[in-house]
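Asks: what's the 3D shape of this:
(2 chains)
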Amino acid sequence: GAVVSQHPSWVICKSGTSVKIECRSLDFQATTMFWYRQFPKQSLMLMATSNEGSKATYEQGVEKDKFLINHASLTLSTLTVTSAHPEDSSFYICSASFQGTSTGELFFGEGSRLTVL
Amino acid sequence: GENVEQHPSTLSVQEGDSAVIKCTYSDSASNYFPWYKQELGKRPQLIIDIRSNVGEKKDQRIAVTLNKTAKHFSLHITETQPEDSAVYFCAAGKSGNTPLVFGKGTRLSVIA
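Replies: Residues are numbered from 1 along each chain as shown, chains lettered A, B, ... in the order given. Presented below is the predicted three-dimensional model:
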């Protein structure tokens, strides 16, 4: 199956700092990647759709100036949480689907657990 | 947009019994329905999926059924084992580069 790798797997930062999370498709090209957020004991909520070479599409209620998404290549998308606050502490998971196929199946990264002190 | 409802939120079964989790969806254009298993602190893992042109699919102890008319689909796990204990999520989506919409999850506990 396709492999999606995410880094870092966990990060602790101080309030007010910025944190960057990387999502890479290791063995396939992904024109589109999706960023989800999962709070403890809750479901995965879509934050944004990351499109290679263009601006990300954000879901309602997600601040685009706070959660910066860059998809500069067909294998890398980054999520930067700017001026992080304790309420941003969560499990962030990226996912991607095969380019050019119509399967619909998503492959998930390992997830990044962010703790903001 | 799509809305996925999942029930029950928690489910406890005795080892060897069957477990059933049900989901409904709202968007009749959705045609892809995967089920994911997530263990604590780990990424969701696809366990089975079904497409709208099929009514039932089975893989060993796991089966999924789909009723397009009623817009609901179900996960069936037979002969449950303690290692089946996890949170299960249903999801609905469309083919191509579109995101999945997830249900709220079911925490399954298999008691030995």
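Asks: okay, now residue B:53: neighbour count?
Replies: 8 (other C-beta atoms under 10 Å in any protein chain shown). Bear in mind the C-beta positions are built from the backbone N, C-alpha and C, glycine included.
Asks: And residue A:20, by the same measure?
Replies: Around residue A:20 there are 15 residues (other C-beta under 10 Å).
Asks: and if you look at residue A:62?
Replies: Residue A:62 has 17 nearby residues by other C-beta under 10 Å.
Asks: thought it was touching residue A:48?
Replies: Yes - assessed by C-beta atoms under 8 Å, residue A:62 is found in contact with residue A:48 at 6.1 Å.
Asks: Show me what from chain A comes close to chain B.
Replies: Within chain A, the positions lying close to chain B (C-beta under 8 Å from any C-beta of the partner chain) are A:31-32, A:34, A:42-46, A:49, A:91, A:93, A:95, A:97, A:99, A:102-106, A:108-111, A:113.
Asks: now those residues: which count as buried?
Replies: Buried by 16 or more other C-beta atoms under 10 Å in any protein chain shown: A:31-32, A:34, A:43-46, A:49, A:91, A:93, A:95, A:97, A:104-106, A:108-111, A:113, out of the residues of chain A next to chain B.
Asks: Out of the residues you listed, list just those in helices.
Replies: With helices taken from DSSP state H, there is no overlap with these.
Asks: and those, which of them are in strands?
Replies: A:32, A:34, A:45, A:46, A:49, A:91, A:93, A:95, A:108, A:113 (DSSP state E).
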